[in-house]
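Colleague: no sequence for this one, just the structure:
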């Protein structure tokens with residue numbers, strides 16, 4: 001059985017696959033923005049859904065990090081902070097929808113053991129930071145002594161209560177180890193650059209008495225990143241942090257470091273005789289990011305262009321690529337013909353049909369090129 005590790009964005013999760021269950025006029029209602037739909041799901045639709053389907057609401061920590069008593073206490077704290085159960089509802093909905101994602105479908109093949117770390121809204125910088133969690137300088141040395149110097153202020157980084165730690169490092173899976181040793185690494189190329197951030201913001205600076213040094217935060221855009229800050233910050237602290245990431249933070253340099261990380265990881269894996277697969281699902285720009293498709297005996301790239309010009313523009317992705325699935329745009333986009341027969345749902349994530357198609361295509365390419 002081949003171990004496969006997958007990194008990617010929401011296109012490699014079950015995002016949107018079951019949204020049609022939330023409202024009866026899902027396929028008729030097209031005059032709504034993605035943000036308005038997301039807010040409606042979070043504020044009302046999921047609450048209504050789980051009131052009708054309480055059996056689908058998570059009763060235990062899906063990652064097994066918390067025992068039953070800790071899980072209950074964790075959710076009670078979140079309810080006290082926010083006055084609602086949106087966290088559990090959203091997590092339950094994601095876990096339910098993810099059953100229909102292409103990595104989950106691929107995992108049903110008896111030849112594969114698939115570990116999907118794809119994360120909604122995340123990009124390459126997030127995965128680089130997650131990979132390096134085990135290597136983060138510690139607060140104390142091996143003899144229990146406090147480490148400090150003019151260059152390093154000891155902090156307890158990435159505590160287990162933070163979701164990235166629970167999702168990526170638990171009894172079931174270890175992200176760094178799997179990236180280093182899995183038979184196949186699949187990198188679903190996302191629109192970049194995206195944000196992946198860490199903080200040295202103590203509990204005394206937050207309005208909810210939460211130590212943000214334990215957090216690893218990501219965002220698909222400046223807008224989504226700025227929307228996260230008010231969850232924990234307010235007043236002058238909020239303004240200072242918001243202004244820094246809006247006007248001064250260099251996300252381009254952050255991405256270039258992450259691109260170097262993934263290219264070096266792939267090269268190290270090749271030297272060990274381990275295979276790699278790279279592809280965008282939708283149209284993306286890559287040449288302006290400094291990435292060129294890698295094709296050799298150990299690594300295969302799909303859905304990219306040939307880079308015949310200094311900036312050859314956008315790459316088609318596997319859905320549109322004439323060399324791959326070659327699906328007509330009128331059959332891909334929801335707006336062309338709102339129905340479950342389209343390959344994408346309302347806000348461009350693959351539909352159930354799209355995920356089934358991608359899973360079959362990935363299996364085919366593995367058999368042809370990567371065994």
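Modeller: Received the coordinates, thanks. These numbers come from a predicted model, not from an experiment.

Colleague: Please count neighbours and contacts with C-alpha atoms only from this point.
Modeller: Fine.

Colleague: Let me see the confidence value for the nearest residue to residue 359 once chain neighbours are set aside.
Modeller: Closest residue to residue 359 apart from its sequence neighbours, by C-alpha to C-alpha, 6 or more residues apart in numbering: residue 102 at 4.7 Å. What the model reports as pLDDT for residue 102 is 98.

Colleague: Give me the contact list for the longest helix that the chain contains.
Modeller: Counting by DSSP state H, the longest helix found in the chain is helix 251-271. With contact meaning C-alpha atoms under 8 Å, 6 or more residues apart in numbering, helix 251-271 is reached by 124-125, 128, 180-181, 192-195, 275-276, 289, 291, 298-299.

Colleague: what about residue 103, neighbour count?
Modeller: 28 (other C-alpha atoms under 10 Å).

Colleague: Assign it to helix, strand or coil.
Modeller: helix (DSSP: H, G, I helix; E, B strand; the rest coil).

Colleague: check contacts around it.
Modeller: Residue 103 touches 6, 12-13, 114-116, 359, counting by C-alpha under 8 Å, 6+ apart.

Colleague: Would you mind listing where the stretch 201-350 of the chain has pLDDT under the threshold?
Modeller: 306-313 (pLDDT under 70).

Colleague: the strands in it, which residues?
Modeller: Using DSSP state E, counting those that start in this stretch, the strands found in the stretch 201-350 of the chain span residues 216-219, 275-280, 284-285, 299-301, 314-315.

Colleague: Could you dump those into CSV with mean neighbour count and distance to residue 107 added?
Modeller: What follows is the strands of the stretch 201-350 of the chain, written out as CSV (neighbours: other C-alpha atoms under 10 Å; distance: least, C-alpha to C-alpha, whole Å):
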stretch, mean neighbour count, distance to residue 107
strand 216-219, 21, 27
strand 275-280, 23, 16
strand 284-285, 20, 26
strand 299-301, 20, 20
strand 314-315, 20, 28
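
Colleague: Let's have these in JSON lines, adding distance to residue 24.
Modeller: Formatted as JSON lines, those follow (distance: least, C-alpha to C-alpha, whole Å):
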{"stretch": "strand 216-219", "distance to residue 24": "31"}
{"stretch": "strand 275-280", "distance to residue 24": "32"}
{"stretch": "strand 284-285", "distance to residue 24": "33"}
{"stretch": "strand 299-301", "distance to residue 24": "40"}
{"stretch": "strand 314-315", "distance to residue 24": "36"}
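
Colleague: wait, which of those is closest to residue 34?
Modeller: With respect to residue 34, and counting by C-alpha to C-alpha, the nearest of the strands of the stretch 201-350 of the chain is strand 216-219 at 15.4 Å.

Colleague: just how off-centre is the closest one within its chain?
Modeller: The chain centroid and the centroid of strand 216-219 are separated by 10 Å under C-alpha atoms, centre = their mean, to the nearest Å.

Colleague: What helices and strands are in contact with it?
Modeller: When contacts are defined as 3 or more C-alpha pairs under 8 Å, 6 or more residues apart in numbering; DSSP states H and E, strand 216-219 packs onto helix 124-131, strand 195-198.

Colleague: Let's see that with 7 Å instead.
Modeller: If you count contacts as 3 or more C-alpha pairs under 7 Å, 6 or more residues apart in numbering; DSSP states H and E, strand 216-219 packs onto strand 195-198.

Colleague: Residues touching the strand it packs on, excluding its own?
Modeller: With C-alpha atoms under 7 Å, 6 or more residues apart in numbering as the test, strand 195-198 has contacts from 123, 125-126, 215-220, 251.

Colleague: Now do the same contact list for the residue nearest the centre of the chain.
Modeller: The chain has residue 119 as the residue nearest its centroid, 1.6 Å off, counting by C-alpha atoms, centre = their mean. Neighbouring residues of residue 119 by C-alpha under 7 Å, 6+ apart: 8-10.

Colleague: again with residue 226
Modeller: residue 242.

Colleague: Kindly report the same for residue 112.
Modeller: By C-alpha under 7 Å, 6+ apart, the residues touching residue 112 are 1-4.

Colleague: Columns secondary structure and neighbour count on top of the residues you listed, output as JSON lines?
Modeller: Shown next, in JSON lines, are the contacts of residue 112 (DSSP: H, G, I helix; E, B strand; the rest coil; neighbours: other C-alpha atoms under 10 Å):
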{"residue": "1", "secondary structure": "coil", "neighbour count": "10"}
{"residue": "2", "secondary structure": "strand", "neighbour count": "13"}
{"residue": "3", "secondary structure": "strand", "neighbour count": "16"}
{"residue": "4", "secondary structure": "strand", "neighbour count": "23"}
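
Colleague: Can you pull the domain assignment for the protein?
Modeller: For the chain, automatic domain parsing gives the domain ranges 2-16+102-369, 18-100.

Colleague: Could you check how far the residue lying closest to residue 350 once chain neighbours are set aside is from residue 332?
Modeller: Excluding its sequence neighbours, the residue lying closest to residue 350 (C-alpha to C-alpha, 6+ apart) is residue 344, at 4.1 Å. Residue 344 sits 5 Å away from residue 332, going by C-alpha to C-alpha, to the nearest Å.

Colleague: Compare the two (neighbour count), which wins?
Modeller: The neighbour count for residue 344 versus residue 332, taken as other C-alpha under 10 Å, is higher for residue 344 (25 against 21).

Colleague: most packed of the domains of the chain?
Modeller: domain 2-16+102-369 (a mean of 17; mean count of other C-alpha atoms under 10 Å).

Colleague: Off-centre distance for that domain?
Modeller: Counting by C-alpha atoms, centre = their mean, domain 2-16+102-369 comes out at 5 Å from the chain centroid.

Colleague: Quick check: end-to-end length of it?
Modeller: 14 Å.

Colleague: Check stretch 99-116 too.
Modeller: Separation of the first and last residues of stretch 99-116 by C-alpha to C-alpha is 11 Å.
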